[in-house]
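Trainee: Structure for the following, please:
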Amino acid sequence: GVARSPQKEGSGSTVLEVIAAYVEHAQAYYVDPEGKPTSEMKEIVLSLRPLRFFHAEEPADAFGPLKLKRLREHLITGYEHSRYGPQPALCRKLINRRVDVIKRMFKWAASEELVPPSVYHGLQAVAGLRRGRSAARETEPVLPVDVDLVERTLPHLPPHVAGILELMLHTGMRPGEACRIRLAEIDRSGDVWLYRPSRHKTAHHGHARVIAIGPKGQAVLQRFIRVRCPDCNETGRPNTVVVVEGRCPRCGVDMVEAHLSSEPLFSPWWQREERYLQMRQARKTKVQPSQENRRKEDAQRLPGNCFQPMALAHAVRAACKRHQLPRWHPNQLRHTHATMVRRAFGLEAAQVVLGHSKADITQVYAERDEALAASVALKMG
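Mentor: From the prediction side, this is the model:
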């Protein structure tokens, strides 16, 4: 952090000044190996929004446990923000996370002598909300999604989104790991491919993450490795309108792999290009010269090179609503894979596959096999 001059109690920084200093620190601290902000930055901004709205001009060293509790009440009931409109009531777990961010900010401020240490120690006395002991609403636990429902949804999704979800189902990857997968991070030398993502949830703790990809997952990835015709340089994906059975439809020669190892396998930009190509192939009439390229050179919004996890959730929700399917969320796929692994190979195997350091974390993801419990009860009880 930036060195600050010592502050005297009662004459120090305002809450707004502390927030500004902490956000500046967080923007430099919470970055991935590529220098891009992590998802934690968004959580910090959202957590500090109500603090800034209700207490911006107050002295930071006067913010104590009672004010934190009153602020938490606004998160429980919801409130009207002058700039961002109605803020909904949050669930208990999310409220605890938001309050922890505020405490973390004051801990950092105390280390920078922006506030006296007593301010942070006072806030520590505010315990997190307990289940059934507060007015905050509870959320239902994330459960596995039925594989049949996933398979009924996939045909209604864009091809690259469907590929990401298939990969998650077969490997138990987190959404961010599946969205960012690149050939440069995959060891394809053995029967089982090994994916070592450079960015993952516990990378900042120094933990390594290795994801084993079997035949089903490999088949998904192979559909998205771009290939090129060595004669005419036509580029596309296997088994699409450009590439049929591994051969160029123009020249009839075998295509060669042309995917850049640093490019994501799943790309919004390539998905759009493929859709445009399919539309051109399906035309019945000749394209007029003036209509061959109608793209704006200075377009304000262009598809990115890599999908964001939130985009997967939006796509699934829209598809389920459009086709009257039960709603589910991509995060449930990790629970589904964990449950299948645990049922077939045990808790330790599920722990290794998910990349958890502790088995009790895996218990959250791997649903207990009720059939096994019933079998034990029948024999022992």
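Trainee: And the helix or strand where Val341 lies, what does it pack against?
Mentor: If you go by DSSP states H and E, Val341 is part of helix 332-345. Contacts defined by 3 or more CB pairs under 8 Å, 6 or more residues apart in numbering; DSSP states H and E place helix 332-345 against helix 147-153, helix 159-171, helix 347-354, helix 359-365. Bear in mind the C-beta positions are built from the backbone N, C-alpha and C, glycine included.
Trainee: List the buried residues in it.
Mentor: Neighbour counts over helix 332-345 (16 or more other CB atoms under 10 Å) mark Gln332, Leu333, Arg334, His335, Thr336, His337, Ala338, Thr339, Met340, Val341, Arg342 as buried.
Trainee: now stretch 262-275
Mentor: Buried positions in stretch 262-275, judged by neighbour count with 16+ other CB under 10 Å: Glu263, Pro264, Leu265, Phe266, Ser267, Pro268, Trp270, Gln271, Glu274.
Trainee: Sketch out the low-pLDDT regions of the chain for me.
Mentor: Applying pLDDT under 70 to the chain flags residues 1-11, 199-208, 234, 238-246, 249, 281, 287-301, 347-352, 354-381.
Trainee: Restricting to C-alpha, output the longest helix belonging to it in CSV.
Mentor: Using DSSP state H, we find that the single longest helix of the chain is helix 92-111. What follows is helix 92-111, C-alpha atoms only, in CSV (Å, rounded to 0.1, in the frame of the first residue of the first chain):
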residue,chain,number,x,y,z
ARG,A,92,-27.6,-14.2,4.8
LYS,A,93,-24.5,-15.6,3.3
LEU,A,94,-24.0,-12.8,0.9
ILE,A,95,-24.5,-10.2,3.7
ASN,A,96,-21.8,-11.9,5.7
ARG,A,97,-19.4,-11.8,2.8
ARG,A,98,-20.2,-8.1,2.2
VAL,A,99,-19.7,-7.2,5.8
ASP,A,100,-16.4,-9.2,5.9
VAL,A,101,-15.1,-7.0,3.0
ILE,A,102,-15.9,-3.9,5.0
LYS,A,103,-14.0,-5.3,8.0
ARG,A,104,-11.1,-6.2,5.7
MET,A,105,-11.0,-2.6,4.4
PHE,A,106,-10.8,-1.2,8.0
LYS,A,107,-8.1,-3.8,8.8
TRP,A,108,-6.0,-2.5,5.8
ALA,A,109,-6.8,1.1,6.9
ALA,A,110,-5.5,0.4,10.4
SER,A,111,-2.3,-1.1,8.9
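Trainee: Need the residues that contact it.
Mentor: For helix 92-111, the external contacting residues (CB atoms under 8 Å, 6 or more residues apart in numbering) are 1, 13, 18-19, 21-22, 25, 43-44, 46-48, 50-51, 60, 63, 68, 71-72, 75-76, 90, 115-117, 119-120, 123-124, 126, 128-129, 131, 134, 136-139.
Trainee: And Met279, which helix or strand is it part of?
Mentor: Here Met279 sits within helix 268-281, counting by DSSP H and E.
Trainee: Which strands or helices does that helix pack on?
Mentor: Looks like helix 268-281 contacts helix 159-171 (3+ CB pairs under 8 Å, 6+ apart).
Trainee: Beyond the helix or strand in which Ala20 is found, next helix or strand please.
Mentor: Ala20 is part of helix 15-29 when elements are defined by DSSP H and E. Going down the chain from helix 15-29, the next helix or strand is helix 39-55, by DSSP H and E.
Trainee: what about dumping the CA coordinates of that following helix to PDB?
Mentor: Taking C-alpha atoms only, helix 39-55 is exported to PDB below (Å, rounded to 0.1, in the frame of the first residue of the first chain):
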ATOM      1  CA  SER A  39     -13.700 -11.100  -9.700                       C
ATOM      2  CA  GLU A  40     -12.900 -10.000  -6.100                       C
ATOM      3  CA  MET A  41     -12.700  -6.400  -7.300                       C
ATOM      4  CA  LYS A  42     -16.400  -6.500  -8.300                       C
ATOM      5  CA  GLU A  43     -17.300  -7.900  -4.900                       C
ATOM      6  CA  ILE A  44     -15.300  -5.100  -3.200                       C
ATOM      7  CA  VAL A  45     -17.100  -2.400  -5.200                       C
ATOM      8  CA  LEU A  46     -20.500  -3.800  -4.400                       C
ATOM      9  CA  SER A  47     -19.700  -4.300  -0.700                       C
ATOM     10  CA  LEU A  48     -18.500  -0.800  -0.200                       C
ATOM     11  CA  ARG A  49     -21.400   0.800  -2.100                       C
ATOM     12  CA  PRO A  50     -23.800   0.900   0.900                       C
ATOM     13  CA  LEU A  51     -21.000   2.100   3.200                       C
ATOM     14  CA  ARG A  52     -20.300   5.000   0.900                       C
ATOM     15  CA  PHE A  53     -23.900   5.800   0.500                       C
ATOM     16  CA  PHE A  54     -24.800   6.000   4.200                       C
ATOM     17  CA  HIS A  55     -21.500   7.100   5.800                       C
END
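Trainee: so what secondary structure elements neighbour the helix or strand just after that helix?
Mentor: Once the chain leaves helix 39-55, the next helix or strand it forms, by DSSP H and E, is helix 65-77. With contacts taken as 3+ CB pairs under 8 Å, 6+ apart, helix 65-77 sits against helix 39-55, helix 92-111, helix 117-124.
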